[in-house]
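A.B. asks: Only the shape, not the letters, is given here:
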């Protein structure tokens, strides 16, 4: 699996890893398969093609957001601006394509503008974080609120209905049984995988997460890598905004609510370490599927609503506990 | 630095003494208009203040528009405070405006959480301002315990409207079949009441089966996901969807649309937001209830304003004018067009002096 190649970027492919760690890295896949079997036994409808399509619709947005967040977390940073950029993207999109509030009809150009906005906000994240040396936690927290605030100001609290058939088509029109949005999310996944495994940026991101001082000493332009990664993440969040707007058929300032929690959960459950340097976008895919399957399954199995949110919390703690190699960590803060 | 600039502009040497004289004159001119505004404040209109959760949802945005319309009608200064879901901020902002106006203001507040109402009311009483609360307050906090400053509390009984929507839904389904229901935050008073109304309607209609009830926490995203899962679980058994608010109802419509069933499965919401009324007009929703936030934002201020300016004496009003349920407007396919024309296409015209016109009984705890 590509995990090994990625790990070798920091370890320079030295000693073979102990067996216990191998099992830990496969744990998310095992959990996913086990979940599917259990839920399928209780409600056979789970395995129907229709349900796979619906789960893929639910998974497409967390997946795209998770791809962006994975790169940030791989560097050992955190990005809380997910909801801010997503909301801003969705709101701007709803105002640029054919909609119920103004006469704009930019179509595909609207999408490019939204991607550019996502990239710029991500770039700002990176510049503030690197040049002003503000921790990523605080920078992105601020940008989160700024993003939602600007979205608010743009719409004045109202919702704009999207009438553009192209945007709505992402959620409604299908190819091989799956909505176009799902294919778009998969395309993003492939792009992220290529960036992670076959580009210099991808290798640098792992190097930064593995040990930033070492990376800097070996001549990696740390600041530039960080800014580029935040910009890249911003683009992914903007894609998430486009998909969210397509799915609900509207843009409003609340469209991002709750997305951050799902995103971070998916990344962590997939096995990407919050300390940086370990994991990857392929694991985030598994993490997203676990979260989506579990949520879908809890409804199918008739689990009480009050229990559902608690199960998600337990899942995060369990996932982190499983993924940590305790031999490597002496101090926990 | 400033001195240098002035030198430059006047193109001559200015002595220190001259400079100070000039500064004093400028200061006096600056202070003068401030004094004028202040006296205008005191003698004429109290400032009217709306404190609401946020401006990021259509409901509170319309509330704010109603407040502005009322302030405009009497020529008072209008201030909007936003809690952003933060109780501390909500209370602190109200205290700040009380201090700024010296208590010469009227506050119409939708407290972020029920316990917040007490400190808000106490602060207003101490400052001499008049206050009207809406939706949230502790059951044992009563306007008549804070005479005359705590003028009234307005709420809406979710039970009859939750029931009315369930009945509208059942009618649209032809009186039988299976329904699924999306609830609000489990511990939230309106969510509990609306669900109770749904349950009453179901008891009266034994041919209708409640397939499942799930909490989607007022969130569109969660409602979409839950509805998707239901479409798997129950498929064609679903012949109607009841939602505790419009946002969740619209998300359910989108889930149905992705399944090619929008417009064939009736959906009801509550709140009366614009997109829901439009969905009723194009046949994708069966009904909603409008609380008329425009009325809430304007009339809450009007009631406080009339009390503050001596229009009526709160202490002599009956209890059902101090703690009352307002009236919601039920919108179905029959009434959607006229509601849209009168309330959405045009800014509604309300008689702000008809302060007890929508009293719908005293609140029961």
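C.D. replies: Everything's here; your move. All values derive from a computational prediction rather than experimental measurement. Numbers count the residues shown, from 1 in each chain, chains lettered A, B, ... in the order given.

A.B. asks: which secondary structure element contains residue B:338?
C.D. replies: Using DSSP states H and E, the element containing residue B:338 is helix B:336-339.

A.B. asks: is any part of the helix or strand residue A:87 falls within close to chain B?
C.D. replies: Assigning secondary structure by DSSP H and E places residue A:87 in helix A:82-96. No - using C-beta under 8 Å from any C-beta of the partner chain, helix A:82-96 stays clear of chain B, with a minimum separation of 9.1 Å. In this view, the C-beta of every residue, glycine as well, is placed from N, C-alpha and C.

A.B. asks: tell me how far that helix is from the chain's mean position?
C.D. replies: With C-alpha atoms, centre = their mean, to the nearest Å as the basis, helix A:82-96 stands 16 Å off its chain's centre.

A.B. asks: can you check stretch B:161-180 too?
C.D. replies: That offset, for stretch B:161-180, works out to 27 Å (C-alpha atoms, centre = their mean).

A.B. asks: If you count neighbours, what's buried in that stretch?
C.D. replies: Residues of stretch B:161-180 classed as buried: B:161-170, B:172-173, B:177-180 (neighbour count, 16 or more other C-beta atoms under 10 Å in any protein chain shown).

A.B. asks: Can you show me the helices along the stretch 251-365 of chain B?
C.D. replies: Here the stretch 251-365 of chain B has its helices, by DSSP state H, counting those that start in this stretch, at B:274-281, B:293-308, B:336-339.

A.B. asks: Let's have those in a markdown table, adding mean neighbour count.
C.D. replies: Shown next, in a markdown table, are those (neighbours: other C-beta atoms under 10 Å in any protein chain shown):
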| stretch | mean neighbour count |
| --- | --- |
| helix B:274-281 | 22 |
| helix B:293-308 | 26 |
| helix B:336-339 | 17 |
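
A.B. asks: The nearest residue to residue B:78 once chain neighbours are set aside: what's it in contact with?
C.D. replies: Spatial nearest neighbour of residue B:78, excluding adjacent residues (C-beta to C-beta, 6 or more residues apart in numbering or on different chains): residue B:71 at 3.5 Å. By C-beta atoms under 8 Å, 6 or more residues apart in numbering or on different chains, the contact set of residue B:71 is B:48, B:77-78, B:301.

A.B. asks: Of the buried residues of stretch B:161-180, which is the nearest to chain A?
C.D. replies: Closest approach between the buried residues of stretch B:161-180 and chain A, by C-beta to the nearest C-beta: residue B:180, at 10.1 Å.

A.B. asks: Which of the three states applies to the closest one?
C.D. replies: When classified by DSSP: H, G, I helix; E, B strand; the rest coil, residue B:180 comes out as strand.

A.B. asks: And the average pLDDT for the helix holding residue A:87 is what?
C.D. replies: Rounded to a whole number, the mean pLDDT of helix A:82-96 is 95.

A.B. asks: and if you look at stretch A:236-254?
C.D. replies: Stretch A:236-254 comes out at a mean pLDDT of 92.

A.B. asks: and what of stretch B:242-250?
C.D. replies: Throughout stretch B:242-250, pLDDT has a mean value of 93.

A.B. asks: in it, what counts as buried?
C.D. replies: Residues of stretch B:242-250 classed as buried by neighbour count (16+ other C-beta under 10 Å): B:242-250.

A.B. asks: re earlier: secondary structure element for the residue nearest to residue B:78, which one?
C.D. replies: For residue B:71, the host element (DSSP H and E) is helix B:58-74.

A.B. asks: Go through that helix and flag the buried ones.
C.D. replies: Quick answer for helix B:58-74 (16+ other C-beta under 10 Å): B:58-71, B:74.

A.B. asks: so what secondary structure elements neighbour the helix or strand that comes right after the helix holding residue A:87?
C.D. replies: Using DSSP H and E, the helix or strand that directly follows helix A:82-96 along the chain is helix A:108-131. The contact analysis (3 or more C-beta pairs under 8 Å, 6 or more residues apart in numbering or on different chains; DSSP states H and E) places helix A:108-131 against helix A:82-96, helix A:136-155, helix A:165-172, helix A:222-248.

A.B. asks: Would you mind getting the angle between helix A:108-131 and helix A:82-96?
C.D. replies: Here the directions of helix A:108-131 and helix A:82-96 differ by 150 degrees (axes from the mean of the first three to the mean of the last three C-alpha atoms, to 10 degrees).

A.B. asks: what's the average pLDDT for helix A:108-131?
C.D. replies: For helix A:108-131, the mean pLDDT works out to 95.

A.B. asks: One more: stretch A:29-43?
C.D. replies: 90.

A.B. asks: what's next to that stretch, contact-wise?
C.D. replies: By C-beta under 8 Å, 6+ apart, stretch A:29-43 touches A:46-47, A:286, A:289-290, A:293-294, A:296-297, A:300-301, B:233.

A.B. asks: returning to that earlier point: just curious, which of the buried residues of stretch B:161-180 is nearest to residue A:282?
C.D. replies: residue B:180 (35.7 Å; C-beta to C-beta).

A.B. asks: Can you verify my assumption that that closest one contacts residue B:237?
C.D. replies: No - Residue B:180 is beyond contact range of residue B:237, at 9.0 Å (criterion: C-beta atoms under 8 Å).

A.B. asks: Give me the common contacts of these two.
C.D. replies: Counting by C-beta under 8 Å, 6+ apart, the residues touching both residue B:180 and residue B:237 are residue B:211.

A.B. asks: Point out the other helices and strands that the helix or strand containing residue A:58 packs with.
C.D. replies: Using DSSP H and E, residue A:58 maps to helix A:49-74. Under the contact definition 3+ C-beta pairs under 8 Å, 6+ apart, helix A:49-74 sits against helix A:82-96, strand A:178-179, helix A:180-198, helix A:200-210, helix A:222-248, helix A:259-269, helix A:281-300, helix B:220-233.
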